Structures are given as structure tokens and as C-alpha cells.
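Chemist: Give me the fold of what follows.
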Amino acid sequence: MDEDSRCTLGVDSQYVEVAAEVFSLLSDPTRIRLVLALRGTELSVNHLAELVGKSPTAVSQHLAKLRWGRVVTTRQDGNRVFYRLVDEHARTLVAEAVRHAERSLEPRTAHERAGVGCPR
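Modeler: Alright, predicted model coming up:
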């Protein structure tokens, strides 16, 4: 680990409060599902609403918060708006949180029991 990483990850890091805001933003199950749905792709509000089982209005409100937090960004195509992750950091955070939850509830993950790896 280089010196810059140690400073950033120290207990006195100036980024701790912002990190807490990111965790707060991602603490909603619908937002976690939205981040999972957007891994490697971009989708419209209606498509996301179908995937997460929520109304387009509710999904739009969650996406607005994720956009405010710079987790997602948009691309306009005519009158349609497509959402995508800004970068892979949120995807990684959410994936690791879900894996942590799985491990805390199961002695061995389903993938370990089946002998296969889960794509990251």
C-alpha cells in the first residue's frame, strides 16, 4: 500500500464523513437493487421499475438521490433517459455488502457449495 492510500484510509481521514454519507445513501434496499441492476449496463426508469418491483415514480425518486450522490448518471436519447453507474465503486461496495450478508447468514455461500465462482 502506498503512502497516499494509508493517509486516505487513516482514522483521521478527511473522507470519513463523506464515506458515511455514501453508506447512508446505499442503505435502502431499493437503491441496492438499482445498483445491482445497473452493473455493466444502462437502463430506463421503466425497465428498472420492472426489475426491482417498484413503481416508476418511486424508482425515479431513488435514482434522483443516487444521482445527487454521484452514484448514477444519465444519458438522454430523445425523450427517454437512461441511467448507468458513474463508475465501479458503488457496484463494488454493494456487491461486497451482499456477499458479507450472505456469508453472515450462511456457513458457506451457495456458490461455494456448488463449487462455482460468482462474477464480481
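Chemist: From here on, just use CA atoms for contacts and neighbour counts.
Modeler: Noted.
Chemist: Which residue ranges of the protein form helices?
Modeler: For the chain, helices defined by DSSP state H occupy the ranges 3-8, 16-25, 29-37, 45-52, 56-68, 88-105, 110-114.
Chemist: Single out the most deeply packed of those.
Modeler: For these, the largest average neighbour count (mean count of other C-alpha atoms under 10 Å) is found in helix 29-37, namely a mean of 19.
Chemist: Output the below-cut-off pLDDT ranges for this protein.
Modeler: Along the chain, segments meeting pLDDT under 70 span 1-7, 107-113, 115-120.
Chemist: Asp77: which of the helices of the chain is closest?
Modeler: helix 45-52 (12.9 Å; C-alpha to C-alpha).
Chemist: Just the residues contacting that closest one, thanks.
Modeler: 30, 33-34, 37, 55-56, 59-60, 81-83 (C-alpha atoms under 8 Å, 6 or more residues apart in numbering).
Chemist: ok so, going back, can you redo the helices of the chain as a markdown table with distance to Thr74?
Modeler: As requested, the helices of the chain are arranged in a markdown table below (distance: least, C-alpha to C-alpha, whole Å):
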| stretch | distance to Thr74 |
| --- | --- |
| helix 3-8 | 29 |
| helix 16-25 | 18 |
| helix 29-37 | 14 |
| helix 45-52 | 11 |
| helix 56-68 | 8 |
| helix 88-105 | 15 |
| helix 110-114 | 33 |
